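Attaching a predicted model along with its sequence, questions to come.
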Amino acid sequence: MAKEHLVSVIIASVTLLLPMGFVEWHHLFIDTIGDTSCYFIWGGYSVRYNRFGIYDSTGFGPINYEASVALAIIWVTIAAALIASNLALSRQMVTVRTNFIIAFLCLLAQIVVPIAVFTMALSPNFAMTFAAPLPVPSFLQIVCYLATRFFSKGQSQISRPISDAGLTIERL
């Protein structure tokens, strides 16, 4: 069951390294103010200015500080739920199907929550052109589940003896 531990390490890594989502925004009155921002759990990246920033009281981009921190906490909590379900699966405390259901619910949360935060926490005088969440941890969990199911079915078919299906073999 080492593959569940490996998937847990990968989920933790992508949670820390990959962005939660992208937001393209612009100022409503001044056309020259606008950017595409990548939001990570630890801060953000400005595409226009090619710089990283951490969340502080001034915020990062037009999303307010409290909403950014809340989104990061929710994102880490979802990743922790995925890791916990993997570890429970390795100890056979949950079934593979239950693990898949947890991953699917986490995927829905990782799609809906960032869009809700990005649209509701936008500072005044700014508008969002688009928001794209990146639910990589949940998606990765589902892909690993499907790969495990696919490869385990292939292994069970290879190791299963071929039955003669009621046919008799006669000697000549």
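Received it, and whenever you're ready, just let me know what you need.

burial of Ala31, as a residue count?
To be clear, residue 31 is Asp; Ala isn't right here. By other CB atoms under 10 Å, the residues close to Asp31 number 8. For glycine as for every other residue, the C-beta is placed from the backbone atoms N, C-alpha and C.

I misspoke; the intended subject was Gly43.
Gly43: 15 neighbours (other CB under 10 Å).

Is it bridged to anything, and to what?
On the basis of DSSP bridges, Gly43 is bridged to Ile54.

Is it in contact with Phe52, as I believe?
Yes - between Gly43 and Phe52 there is a contact under CB atoms under 8 Å: 6.2 Å.

nearest residue to Val69 other than its sequence neighbours?
Counting by CB to CB, 6 or more residues apart in numbering, the nearest residue to Val69 once its immediate chain neighbours are dropped is Tyr55, at 5.8 Å.

how about low-confidence regions in this structure?
1, 56-60, 152-172 (pLDDT under 70).

one step back: and for the residue nearest to Val69, the neighbour number?
The burial count assigned to Tyr55 is 21, neighbours taken as other CB under 10 Å.

for it, what are its contacts?
Trp42, Gly43, Gly44, Tyr65, Ser68, Val69, Ala72 (CB atoms under 8 Å, 6 or more residues apart in numbering).
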